[in-house]
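# Predicted model and sequence follow; I will ask about them next.
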Amino acid sequence: MREPTPASIISSISRLTSRLVEVGLADHTQPPKQEKSGRITRITTASPVDASVLKSVRYSEIYDLMLERRAYNARLLDQALIQLAYEFHGRVLVRQRLAFLPSPHLVDFDNDPEIYWGEVPYVDIVGTQAVKVPMRVDYDVRPSVDVGVDHPAAHLTLGQYKHCRIPVSAPVTPAVFVDFIVRHFYRSPNTSDVSFDLDLSRAFRHCDPEVDRESVHLISPGRR
């Protein structure tokens with residue numbers, strides 16, 4: 001099993017965003033942007049926003065800023081945003097930030113159903129009962145970051161809770177993340193046949209198993 005490289009990550013993101021448009025789940029996409037500085041390669045959205053300036057900012061303002069600056073790889077038909085960012089040192093992954101940002105302004109299906117009748121995949125999955133939450137999968141093993149039981153190297157954050165860090169066994173590839181989002185938030189009889197090439201021959205190595213076993217955690221495809 002080969003570890004993903006910057007080139008394979010960029011190729012995967014490009015294929016994924018094209019696939020989302022092809023199956024009618026996205027109405028706008030942005031190509032990944034690559035920046036190099038010495039041995040550091042960063043793969044970000046076309047117009048990245050520094051997350052450090054968004055601390056203590058309400059979610060609706062964060063979402064609006066990301067949408068305005070097009071700081072996303074894909075905008076889904078319900079206006080949810082998908083962001084896929086990676087940082088490599090040479091060929092070694094040192095950081096990732098994969099985010100799913102639902103729209104806080106979505107009109108409820110019950111209030112205005114005509115908006116959704118034209119979007120077949122959404123007719124039976126958008127409504128007052130369908131409350132999506134922001135989520136993010138992070139990975140960070142840079143020397144300046146303390147990794148431990150309370151701050152796993154790879155973790156899932158639900159909502160905007162600062163200390164929500166659900167351990168994940170390994171960094172996550174773009175295809176695995178997008179498949180997870182579509183499978184669990186956009187699955188319906190109309191989208192049941194939507195699939196993505198997960199290419200599990202390329203997956204990241206698992207993190208320290210001792211950290212993973214400290215609490216309930218998620219298993220991501222990867223090599224041990």
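Nice, thanks for sending it over. For clarity, every value in this text was computed on a predicted model and none was experimentally measured. Numbers count the residues shown, from 1 in each chain.

# and Glu87, how many residues sit next to it?
19 (other CB atoms under 10 Å). Where C-beta positions appear, they are placed from N, C-alpha and C, glycine not excepted.

# Can you list the strands that the helix or strand that it is a member of pairs with?
Using DSSP states H and E, Glu87 sits within strand 81-89. If you go by DSSP bridges, strand 81-89 pairs up with strand 40-44 (antiparallel), strand 74-76 (antiparallel), strand 92-101 (antiparallel).

# Show me how far the first one is from its chain's centre.
Meaning strand 40-44. Distance of strand 40-44 from the chain centroid (CA atoms, centre = their mean, to the nearest Å) equals 16 Å.

# How about the shortest one?
In terms of CA atoms, centre = their mean, the centre of strand 74-76 is set 11 Å apart from its chain centre.

# Let me see the contact set for the nearest residue to Arg69 once chain neighbours are set aside.
Distances taken as CB to CB, 6 or more residues apart in numbering place Ser47 nearest to Arg69, at 4.6 Å, with adjacent residues excluded. By CB atoms under 8 Å, 6 or more residues apart in numbering, the contact list for Ser47 reads 30, 69-71.

# how about Ser47, phi and psi?
Dihedral angles of Ser47 (phi, psi; degrees, to the nearest 10) stand at phi -130, psi 70.

# Give me the longest helix you can find in this protein.
helix 6-22 (DSSP state H).

# orientation of that helix relative to strand 81-89 in degrees?
If you take axes from the mean of the first three to the mean of the last three CA atoms, to 10 degrees, helix 6-22 sits at 170 degrees to strand 81-89.

# Name the residues that touch the next helix or strand after helix 6-22?
Where DSSP H and E defines the elements, the next helix or strand beyond helix 6-22 is strand 26-29. For strand 26-29, the surrounding residues in contact (CB under 8 Å, 6+ apart) are 17-18, 20-21, 70, 73-77.

# Can you select the buried ones among the residues you listed for me in PyMOL?
Buried residues among the contacts of strand 26-29 (16 or more other CB atoms under 10 Å), as a PyMOL selection:
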select buried, resi 17+20+70+73+74+75+76+77
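
# between the contacts of strand 26-29, which is closest to Ile40?
When the contacts of strand 26-29 are ranked by distance to Ile40 (CB to CB), Asn73 comes first, at 20.4 Å.

# hang on, Met66 packs against Leu101?
Yes: Met66 lies in contact with Leu101 (CB atoms under 8 Å); the separation is 6.3 Å.

# so what sits against both of the two?
By CB under 8 Å, 6+ apart, the residues touching both Met66 and Leu101 are 72, 81, 83.
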